[in-house]
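**Q** with the input below, show me the fold.
(one chain, ligands or ions: 1)
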Amino acid sequence: MKYCFIADVHSNLPALEEIISASRKFLIDKYICLGDMVGYGPYPNETVDLIKTLVFTSCGGNHDFAAIGRLEKDDFNKLARQAIEWTESVLTDTSIKYLNTLEPSKKIEDKFEIVHGALTNPLTDYIINKWIAVSNFKLMTTRICFFGHTHIPRIFALNEHNNSPEIIDIKINEKIKLNIDNFRYLINPGSAGQPRDGNPDAAYCVFDTDDCSIIFLRAEYSVHQIQQEMQRLKFPEYLTTRLSLGV
Ligand code: ZN
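**A** Model (predicted):
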């Protein structure tokens, strides 16, 4: 079974479309979205519509919940809040209805779990280092948990024999074999719609349960196209320029 994980699309429709097209060659069985479908970008309804038809399942992120009033907007920075308020003003009833069905975390087919931010707090916590990862490993009820929220592709592994956490080296397009008999894993595919690892290409990953491997991938899309739409809608300049930089 091949699962494709997509996180933090943030209303970036061109990036999502490019991932769908680029991932076809892997013959994906199921797409899974790790939340933050909306916020930051100019295509919230189109993005929600496409994700709805694409995915096997999704969890919701802090931006999704804030845009439909399920989470306070006070904790967001000014630019993020502006984009959420704009999103709130344009979301259709159909999109709101779908976003309202999302849970912040869930277990999938007893094989792995998904969460937007972290198991310690699904909507607000960021897994940014090995020590925070350890608190999350303790809460896992499966061998693998996929997460998003940081917009940085990452694998944290916990060696269960000596309880020591490590960060696994990731190279784009290279298969990584997982050893689930001895390790637990926390895996972040990176952000589809607003990457922050210095690479502007849309990030995603493919998990193959047949050989228990993971591959991190990038899809080059037209950043210029979405930037033109953001300029037309008078989005804050930094939200527009950061997409070219991948920050
Ligand atoms: Zn996000």
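
**Q** so which residues on the protein come close to the ion?
**A** With Cβ under 5 Å from the ion as the criterion, the chain comes near the ion at residues 8, 36. Using the backbone N, CA and C atoms, a C-beta is placed for each residue, glycine as well.

**Q** spell out the residue ranges of the strands in the chain.
**A** Taking DSSP state E as the criterion, the chain carries its strands at 2-6, 30-33, 55-58, 105-108, 112-115, 144-146, 154-159, 164-167, 175-177, 183-188, 202-208, 213-219.

**Q** who does the last one pair up with?
**A** To tie it back to what came earlier, the one meant is strand 213-219. strand 175-177 (antiparallel), strand 202-208 (antiparallel) (DSSP bridges).

**Q** most tightly packed of the ones you listed?
**A** Highest mean neighbour count of the strands paired with strand 213-219: strand 202-208, a mean of 25 (counted as mean count of other Cβ atoms under 10 Å).

**Q** relative to strand 2-6, how tilted is that strand?
**A** 160 degrees (axes from the mean of the first three to the mean of the last three Cα atoms, to 10 degrees).

**Q** any idea how far strand 202-208 is from the middle of the chain?
**A** Put simply, strand 202-208 sits 10 Å off its chain's centre (Cα atoms, centre = their mean, to the nearest Å).

**Q** average pLDDT for that strand, rounded please.
**A** Average pLDDT, strand 202-208: 98.

**Q** what does it contact?
**A** 1-7, 12, 15-16, 18-19, 23, 26, 28, 112, 144, 146, 153, 187, 189-193, 195, 197, 213-221 (Cβ atoms under 8 Å, 6 or more residues apart in numbering).

**Q** in PyMOL, select just the buried ones from those.
**A** The PyMOL selection below is limited to those of those classed as buried (16 or more other Cβ atoms under 10 Å):
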select buried, resi 2+3+4+5+6+7+12+15+16+18+19+23+28+112+144+146+153+187+189+190+191+192+193+195+197+214+215+216+217+218+219+221
